[in-house]
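> what follows is a protein structure lacking sequence information:
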């Protein structure tokens, strides 16, 4: 954003405050359009919303730089801009901010306004969805449409639901930073398309995707091959390619249709180690490695280690020496370091830990014995209990905890005690069937030799007044209780924290689900006193969830690391609402690994018997 330089005169002290940023016409127009949208969501009179949209349109195409003109004392005449809006333009021009706009934005969750980005969804629809169903995010809307709950609203049909789902899909195809699951889809498609390319030995997705950063920009692929021309040719002629940015003997850069930029680098066979290290680590991590190499007389790049001369420059001619390695472990070994896992390569203490022999033994997907958070069509899930359970069983899990929502979360068709009692009977019947099959040796392909059971639980709502949605005598009947906060998110920090702490200390609550309540890119974290949360969870023995949904990944990696350091237990869960979402456990594990989490800190790395004993012991201790 351009800044107007301060006037250089002898009378201006060096401590003069720099003027605020000068907003462009496009930025002002965006703010006015958003004000119009918010007013329409609020139900303001039509003429008022139209006035802001009309003014925004005029400013967007106005030939004069509006903010600069106001700041210089010569406000332009703009059709459709009356006294009230002109005063707001003056404030925007002189301060770069607008108090009225900021007050309006505080009235609604930021994620609610993101709904307006969906093609075909306007302010009136957003108002209806928010007021009638409590929908305030794209992810909420997706799940409601998939479960067929929108058609309960006047004017909505199954066709309208499908149109909204198509709009969400179109929005997600727009270029920009991707969630991990979307990046994985692109990677898998490219891997499939390049399979069979002559000379291609392996293809590795590197960069931020390999480190499992929460959102991904461009994709970096490394191709180990002895026929680079064939790989470059195949990459640049893929049907998915919208345009080719560049191609050479060792690299191809393309943009996928409706997708990200993909850079494919060629690795020589048998010398891939430094390529993998260089193109995986963050910039800061790689700087540390290069400094360590120089301290030992070498220059490190993706091509390998070059011997340095006395002048600190790489040796040339007959004295030149290049060291290459086939594996990353050999590269780290050459630097006198143990192998550092990709998820740790962020320069957040991993090199110091490696030198001190304190690198964690990171949790792996195979460590997880069960999933403590999943849903069925009894609340807001897509599939019935038996279908969900069978998918988890065939995925090798020993148990799932069925955690449908409790009664006050109307948007999710939460269950009351009577419905939970009926659901418990269905769970018992299914478990009896599994037990009989296992006695007869009938374990399905991929099933755990330890057998499989459904544990009965709930996702217990923490109400806005701080009370829990079900009484203690009902909660005592569940195998495990997961509590979460969905409503009253905009309360003051002290109030929000008190609600969460009360749930943590309740003897019937075993896990706090998605503790920060975030949806990446849509809904901000809850404003909690995290030190107090971690201290209380450690003291009570209540686990904090690391939710594997790529839309959430909550706790964040940084908070997961802090939680473990504070003595907390974690639960890595899928929050699956359909059978395919049990794969979210993989993303949860990746996030845990970024947070330096070991299996010993993960409660669902325990067997079914150990988990039940832990939950029973927690209740017996009274929290």
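Received, thanks. Computed from a predicted structure; not experimentally measured.
> other SSEs contacting the strand or helix carrying residue 30?
When secondary structure is defined using DSSP states H and E, the element that contains residue 30 is helix 25-42. Taking 3 or more C-beta pairs under 8 Å, 6 or more residues apart in numbering; DSSP states H and E as contact, the helices and strands that helix 25-42 lies on are helix 46-60, helix 66-71, helix 83-95, helix 99-106, helix 110-114, helix 123-133. Glycine gets a C-beta too; all of them are placed from N, C-alpha and C.
> mind redoing it with 6 Å?
Packed against helix 25-42 by the contact rule (3 or more C-beta pairs under 6 Å, 6 or more residues apart in numbering; DSSP states H and E) you find helix 46-60, helix 99-106, helix 123-133.
> at which residues are the strands of the stretch 101-250 of the chain located?
Along the stretch 101-250 of the chain, counting by DSSP state E, counting those that start in this stretch, strands occupy 178-179, 200-205, 215-216, 219-225, 241-247.
> now, of these, which is deepest in the fold?
Highest mean neighbour count of those: strand 219-225, a mean of 23 (counted as mean count of other C-beta atoms under 10 Å).
> wait, residue 302 sits on residue 277?
No - no contact is recorded between residue 302 and residue 277 when judged using C-beta atoms under 6 Å, the distance being 8.0 Å.
> export the helices and strands packed on helix 25-42 as TSV, with columns for distance to residue 271.
Listed next are the helices and strands packed on helix 25-42 as TSV, based on distance: least, C-beta to C-beta, whole Å:
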stretch	distance to residue 271
helix 46-60	53
helix 99-106	53
helix 123-133	55
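> all helices for the stretch 201-350 of the chain, in order.
Under the criterion DSSP state H, counting those that start in this stretch, helices of the stretch 201-350 of the chain are mapped to 207-211, 228-236, 273-280, 283-295, 328-334, 350-355.
> out of those, deepest packed?
Buried most deeply of those, by mean count of other C-beta under 10 Å, is helix 273-280, with a mean of 23.
> who are the packing partners of that one?
Applying 3+ C-beta pairs under 6 Å, 6+ apart, we find helix 273-280 packed against strand 219-225, helix 328-334.
> okay if I get those as JSON lines plus distance to residue 28 and mean pLDDT?
Compiled in JSON lines, the helices and strands packed on helix 273-280 are given as follows (distance: least, C-beta to C-beta, whole Å; pLDDT from 0 to 100):
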{"stretch": "strand 219-225", "distance to residue 28": "35", "mean pLDDT": "96"}
{"stretch": "helix 328-334", "distance to residue 28": "50", "mean pLDDT": "98"}
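> closest to residue 495 out of these?
With respect to residue 495, and counting by C-beta to C-beta, the nearest of the helices and strands packed on helix 273-280 is strand 219-225 at 42.7 Å.
> could you tell me the angle between that closest one and strand 200-205?
160 degrees (axes from the mean of the first three to the mean of the last three C-alpha atoms, to 10 degrees).
> all numbers from here: first residue = 47
In the new count, where the first residue is 47, that last one comes out as strand 265-271.
> which helices and strands sit right next to strand 265-271?
Secondary-structure packing of strand 265-271 (3+ C-beta pairs under 6 Å, 6+ apart): strand 246-251, strand 307-313, helix 319-326.
> go with 7 Å
In this structure, strand 265-271 makes packing contacts with helix 226-240, strand 246-251, helix 253-257, strand 307-313, helix 319-326, judged by 3 or more C-beta pairs under 7 Å, 6 or more residues apart in numbering; DSSP states H and E.
> from the chain's centre, how far out does the third one sit?
Taking the mean of its C-alpha atoms, helix 253-257 sits 14 Å from the chain's own mean (C-alpha atoms, centre = their mean, to the nearest Å).
> contacts for that helix?
Helix 253-257 is touched from outside by 229, 233, 262, 265-266, 325-326, 388-389, 391, with contacts defined as C-beta atoms under 7 Å, 6 or more residues apart in numbering.
> now do the strands in the stretch 397-546 of the chain.
So, for the stretch 397-546 of the chain - with DSSP E, counting those that start in this stretch - the strands run 416-420, 445-448, 499-507, 526-530.
> now the first one and strand 499-507, what's the angle there?
Regarding strand 416-420 and strand 499-507, their directions subtend 40 degrees when assessed with the same axes, to 10 degrees.
> which strands or helices does strand 416-420 pack on?
Under the contact criterion of 3+ C-beta pairs under 7 Å, 6+ apart, the helices and strands touching strand 416-420 comprise strand 445-448, strand 526-530, strand 616-619.
> any idea how far residue 256 is from residue 642?
Going from residue 256 to residue 642 by C-beta to C-beta, to the nearest Å gives 17 Å.
> whoops, I mixed them up, residue 138
When distances are taken as C-beta to C-beta, residue 138 and residue 642 turn out to be 44 Å apart.
> do residue 569 as well
Residue 569 is 26 Å from residue 642, where distance means C-beta to C-beta.
> ok, back up a step: can I get the helices of the stretch 247-396 of the chain in CSV including distance to residue 407?
As requested, these are exported to CSV (distance: least, C-beta to C-beta, whole Å):
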stretch, distance to residue 407
helix 253-257, 18
helix 274-282, 36
helix 319-326, 20
helix 329-341, 20
helix 374-380, 16
helix 396-401, 12
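> how about residue 588: what's its closest non-neighbour residue?
In space, and not counting its chain neighbours, residue 588 is closest to residue 550: 4.6 Å by C-beta to C-beta, 6 or more residues apart in numbering.
> and residue 622, which of the helices and strands packed on strand 265-271 is closest to it?
Put simply, out of those the one that sits nearest residue 622 is helix 226-240, at 12.9 Å, with distance taken as C-beta to C-beta.
> what does the closest one contact?
Helix 226-240 is contacted from outside by 218, 246, 249, 251, 255, 258, 262, 265, 267, 280, 284, 286, 302, 305-306, 308, 596, 633, using C-beta under 7 Å, 6+ apart.
> thinking again about what came up before, TSV please, covering the strands of the stretch 397-546 of the chain and showing mean pLDDT.
Converted to TSV, those look like this (pLDDT from 0 to 100):
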stretch	mean pLDDT
strand 416-420	98
strand 445-448	98
strand 499-507	97
strand 526-530	98
